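build me a model:
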Amino acid sequence: MTDTVLIGVDWGTSNLRVFRIGEGGAVLDLRADPRGAGGLAPADFPTVLAEVAGDWLDGDIPVLVCGMAGAQDRWTEVPYRPCPAGLAEIAAGLVRAPDSRVRLVPGVGRDDGDGLQDVMRGEETQIMGLLSDVGASARVVLPGTHSKWATVKDGSITDFRTFMTGELFGAIRKATILGGGMGDPGVDDAAFKTGVMRGLSEPAVTAALFSVRIEKLSGRLKPESLADYLSGLLIGAEIGAQGAPDGAVLLVGTDALMERYAMALSFAGFTDVSAVGGADITARGLWRIWKASQS
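Numbers count the residues shown, from 1 in each chain. Down below sits the predicted model:
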């Protein structure tokens, strides 16, 4: 533990990751647990963290938590920081958990003048971890349950938009007529491309969704290909909302999702797309936020 300068915690809705972090944001060790913030009451958080982090919490090493632990009705609600938000603004918004040395990272909110319009929790930490990789400015895409498209200028998050692509995909598969007999995604790239192209060209997404059933009834797609088609359709609609395919795009997330989005972006005409894994970036972002809070 002598090289550990920070215990970093990424507390998502459905899972938990705890890092031992060294200088520069290096990940020295990692522990994971399925007890995400979505299933915990406020009083549960310190107990779960102690069980997962264990002996890492011995001593006086600071603990910094990002993600949904700071959401409403979770461990301790941490107010959103308004755009533009960079390291200084995010670090200034840290909140200490009750009776604890743990501090929680604020999310970032977008306010267009008529009140709160969009929010993120956790993605801001990943974006802060990216800054040395992309320079001061970039367009960052963070695929997931709630996919984010963020604009970073001069080291600050200046704008972003959320798409419920992943959650909608899961809900359609499990709870609608379209999901009947549907297999798992990742088996039919041609069906995925067909879906992407339909999503890019069809602005009425709720009408385009019914084409999943039509493709099955017509026999054009086999049941095992429908999940890929649906995935492509939803991701295509998300990308189609971005306008002309110009400029560089940086993907951040899991390998499987980044591969899907990279394929879809290429089909849409984006030619400058790169990808970065999420775990090390989150740890680096937590370290940078912590360092900024000490200055």
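
only C-alpha atoms for contact and neighbour calcs from this point on.
OK.

lowest-pLDDT helix or strand in the chain?
Scoring the helices and strands of the chain by mean pLDDT, DSSP states H and E places helix 123-134 at the bottom, with a mean of 85.

does K216 sit in a helix, a strand or a coil?
Secondary structure for K216, judged by DSSP: H, G, I helix; E, B strand; the rest coil, is helix.

and for G109?
Going by three-state DSSP: G109 is strand.

numbering from 58 from now on, please.
Got it, first residue is 58 now, which makes that one G166.

my guess is it contacts P141. True?
No: counting by C-alpha atoms under 8 Å, G166 stays clear of P141, with 9.1 Å between them.

what's in contact with the top helix by length along the chain?
For the chain, the longest helix by residue count, based on DSSP state H, is helix 335-351. Contact with helix 335-351 is made by 63, 65, 67, 76, 78, 80-84, 121-123, 144-145, 147-149, 182-187, 309-311, as judged by C-alpha atoms under 8 Å, 6 or more residues apart in numbering.

what comes up buried for it?
The neighbour-count check on helix 335-351 (16 or more other C-alpha atoms under 10 Å) flags 335-347, 350 as buried.

dump these into a markdown table; add pLDDT as well.
Listed next are the buried residues of helix 335-351 as a markdown table, based on pLDDT from 0 to 100:
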| residue | pLDDT |
| --- | --- |
| G335 | 73 |
| A336 | 78 |
| D337 | 90 |
| I338 | 93 |
| T339 | 95 |
| A340 | 96 |
| R341 | 95 |
| G342 | 96 |
| L343 | 97 |
| W344 | 97 |
| R345 | 96 |
| I346 | 97 |
| W347 | 97 |
| S350 | 96 |
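
nearest to I234 among these?
The shortest approach to I234 among the buried residues of helix 335-351 belongs to G335, at 34.1 Å (C-alpha to C-alpha).

which of the residues in the least confident helix or strand of the chain are buried?
Buried residues in helix 180-191 (16+ other C-alpha under 10 Å): 180-188.

which helices and strands sit right next to it?
Applying 3 or more C-alpha pairs under 8 Å, 6 or more residues apart in numbering; DSSP states H and E, we find helix 180-191 packed against helix 335-351.

the stretch 208-352 of the chain: strands as residue ranges?
213-220, 306-310, 330-334 (DSSP state E, counting those that start in this stretch).

I meant the stretch 58-207 of the chain, not that one.
Going by DSSP E, counting those that start in this stretch, the stretch 58-207 of the chain shows strands at 63-68, 73-78, 84-90, 120-124, 138-139, 152-153, 159-161, 165-168, 173-177, 195-199, 204-210.

other residues contacting the second one?
Around strand 73-78, the neighbours that count as contacts under C-alpha under 8 Å, 6+ apart are 61-68, 84-94, 109-110, 113, 340, 344.

pLDDT (mean, whole number) over stretch 73-92?
Across stretch 73-92, pLDDT averages out at 96.

now do that stretch: distance from first to last residue.
6 Å (C-alpha to C-alpha, to the nearest Å).

what's the answer for stretch 296-308, then?
Span of stretch 296-308 from end to end, C-alpha to C-alpha: 13 Å.

from the middle of its chain, how far away would that stretch be?
17 Å (C-alpha atoms, centre = their mean, to the nearest Å).

likewise stretch 238-255?
22 Å.

swap in stretch 298-316?
12 Å.

same question for stretch 329-339.
Centre-to-centre, stretch 329-339 and its host chain are 11 Å apart (C-alpha atoms, centre = their mean).

and the end-to-end length of that stretch?
End-to-end distance (C-alpha to C-alpha), stretch 329-339: 23 Å.

go on, stretch 86-101?
24 Å.

repeat for stretch 241-250
Terminal residues of stretch 241-250 are spaced 16 Å apart (C-alpha to C-alpha).

and the gap between A247 and G293?
With the distance defined as C-alpha to C-alpha, A247 ends up 14 Å from G293.

kindly report the same for R74.
30 Å.

who has more neighbours, the two?
G293 (28 against 22; other C-alpha atoms under 10 Å).

contact partners for the more buried one?
252-257, 321, 325.

just the CA atoms of stretch 255-266, as CSV, please.
Taking C-alpha atoms only, stretch 255-266 is exported to CSV below (Å, rounded to 0.1, in the frame of the first residue of the first chain):
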residue,chain,number,x,y,z
ARG,A,255,-32.4,2.3,-41.2
GLY,A,256,-31.8,4.3,-38.0
LEU,A,257,-29.7,6.9,-39.8
SER,A,258,-32.4,7.5,-42.4
GLU,A,259,-35.6,7.3,-40.3
PRO,A,260,-36.2,10.2,-38.0
ALA,A,261,-39.5,8.7,-36.6
VAL,A,262,-37.8,6.2,-34.3
THR,A,263,-41.0,4.8,-32.9
ALA,A,264,-42.2,3.9,-36.4
ALA,A,265,-38.8,2.5,-37.3
LEU,A,266,-38.9,0.2,-34.3
